[in-house]
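Please work out how this folds:
(4 chains)
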2 protein chains.
Amino acid sequence: MSQKGEGVDLETSLGYLLKEASSALRVAMEEVLRPLGMSITHYSCLELLAQRPGLSNSELARGAFVTRQSMNVLLQALERDGYVTRPAEAPVGKSLPARLTPRGRRSLEKATAAVRSVEVRMLSGMTETERSAAFRSLQSMIRSLRGDSDGSSESA
Amino acid sequence: MSQKGEGVDLETSLGYLLKEASSALRVAMEEVLRPLGMSITHYSCLELLAQRPGLSNSELARGAFVTRQSMNVLLQALERDGYVTRPAEAPVGKSLPARLTPRGRRSLEKATAAVRSVEVRMLSGMTETERSAAFRSLQSMIRSLRGDSDGSSESA
DNA sequence: CAAGGTATGTCAGAATACTGACATGAGTCA
DNA sequence: TGACTCATGTCAGTATTCTGACATACCTTG
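Residues are numbered from 1 along each chain as shown, chains lettered A, B, ... in the order given. Reported below is the predicted structural model:
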């Protein structure tokens, strides 16, 4: 609108580009999830539970990159609407393992397909080599930002 | 906490990894900006104005990946506090070109240094080749997500 | 066993961003 | 000129997320 608006410095910043890519992904996901009446955090929660049944509220929050308070609000709504169940009593400690109900699983199906299609589109212009290069790059950035000296497999 | 929590499918998804990286960057930026009493959007707005003086509210919103309504709230606060100035009348059309005041410029200095240091840390483990590969990968993802067939220089 | 540290679930309030809506100004086109 | 489209600035209300705080449960350490 005012000028061309290119090539100052922002356009050479990997941080800005990362935010730009993330924003584009968010917009694209919201676009396909909106018709299903589902937000990104909503979808993330269900997807996490599908792939790792029994995750606690705090674990879901970490997996969806929100605070456990925010996830708690969502989880209570999902529980109220019958997409998720949690035991009344914690089997151990305080953490309540959550699980998808059949209804939750059914609701997730379409969303998963929609999100997969977005990811496929995102990767459409890249070769397999480029994809794995991007994968390693992102992992490296995450590791550096978190201040780890190791970040690939610390379980064993 | 429950299990190890690895290797299901999320860990192989570039979309999830992108969100993870973006989240790590956001957390790191918030961490260094908080002592300066500045949010990310707040910083983004000032940085955009420093690099492209005269941007309008809507243009700033696009550059910071928020709606123009959200940016407007921020701009009004920045204007009220003397970091930014906008003319009372639009020189042409309705868009009001915003500019940093000396105070805004001074406030931005420390923030820029802090954010730069985060970006440096993020890239610390990567070679120059890896960085440009990551750059191209992210650009490709953005282009594909937005559905463009061309996305590098459409001004001329 | 007692004490400290860590992690969890949850409530409450504040901050932030979003959607919807309206009026204005500029450009296009018949 | 007049109708149409598009972009902008702005107001209002809603929604989502966050920070702060508290009590509880486990685990270590002395």
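
Can you give the distance from stretch A:60-76 to the centre of its chain?
With Cα atoms, centre = their mean, to the nearest Å as the basis, stretch A:60-76 stands 11 Å off its chain's centre.

I'd like the mean pLDDT over it, please.
For stretch A:60-76, mean pLDDT rounds to 97.

Straight-line length of that stretch, end to end?
By Cα to Cα, to the nearest Å, the extent of stretch A:60-76 from end to end equals 13 Å.

Kindly report the same for stretch A:91-108.
Comparing the first residue of stretch A:91-108 with its last one, the separation is 27 Å (Cα to Cα).

near DNA strand C at all, that stretch?
Yes - Stretch A:91-108 comes into contact with DNA strand C when judged by Cβ under 7 Å from any atom of the strand, the residues involved being A:93-96. C-betas here are computed from N, CA, C, even on glycine.

Which ones among those also lie next to DNA strand D?
Checked against DNA strand D using Cβ under 7 Å from any atom of the strand, the residues of stretch A:91-108 next to DNA strand C give the following subset in range: A:93-94.

Just give the closest residue to residue A:53, not the sequence neighbours.
Nearest in space to residue A:53, with sequence neighbours left out and distances taken as Cβ to Cβ, 6 or more residues apart in numbering or on different chains, is residue A:99 at 5.2 Å.

Next, work out how far apart that neighbour and residue B:94 are.
For residue A:99, the distance to residue B:94 equals 53 Å [Cβ to Cβ, to the nearest Å].

So for those two, which residue has more residues nearby?
residue A:99 (15 against 8; other Cβ atoms under 10 Å in any protein chain shown).

got a pLDDT number for the more buried one?
In the prediction, the pLDDT value recorded for residue A:99 is 96.

circling back to that earlier point, from the residues of stretch A:91-108 next to DNA strand C, list the buried ones, please.
For the residues of stretch A:91-108 next to DNA strand C, burial is judged from neighbour counts taken by 16 or more other Cβ atoms under 10 Å in any protein chain shown, and it is met by A:95-96.

Relative to residue A:142, which of the residues of stretch A:91-108 next to DNA strand C is nearest.
Taking Cβ to Cβ as the measure, residue A:142 lies nearest residue A:95 of these, at 25.2 Å.

Go through stretch A:66-80 and flag the buried ones.
Residues of stretch A:66-80 classed as buried under the neighbour-count rule (16+ other Cβ under 10 Å) are A:66, A:71, A:74-75, A:78-79.

Quick check: the residue nearest to residue A:53 touching residue A:54?
Yes - the pair formed by residue A:99 and residue A:54 meets the contact definition of Cβ atoms under 8 Å, at 6.4 Å.

What distance do you get for the closest residue to residue A:136 other than its chain neighbours to residue A:33?
Counting by Cβ to Cβ, 6+ apart, residue A:136 lies nearest to residue B:130, which is 7.7 Å off, once chain neighbours are set aside. According to Cβ to Cβ, residue B:130 stands 33 Å off from residue A:33.

Mind checking which of these two has more residues around it?
Neighbours per residue, other Cβ under 10 Å: of residue B:130 and residue A:33, the larger number sits with residue A:33, 19 against 15.

check contacts around the residue nearest to residue A:136.
With contacts defined as Cβ atoms under 8 Å, 6 or more residues apart in numbering or on different chains, the neighbours of residue B:130 are A:133, A:136-137, A:140.
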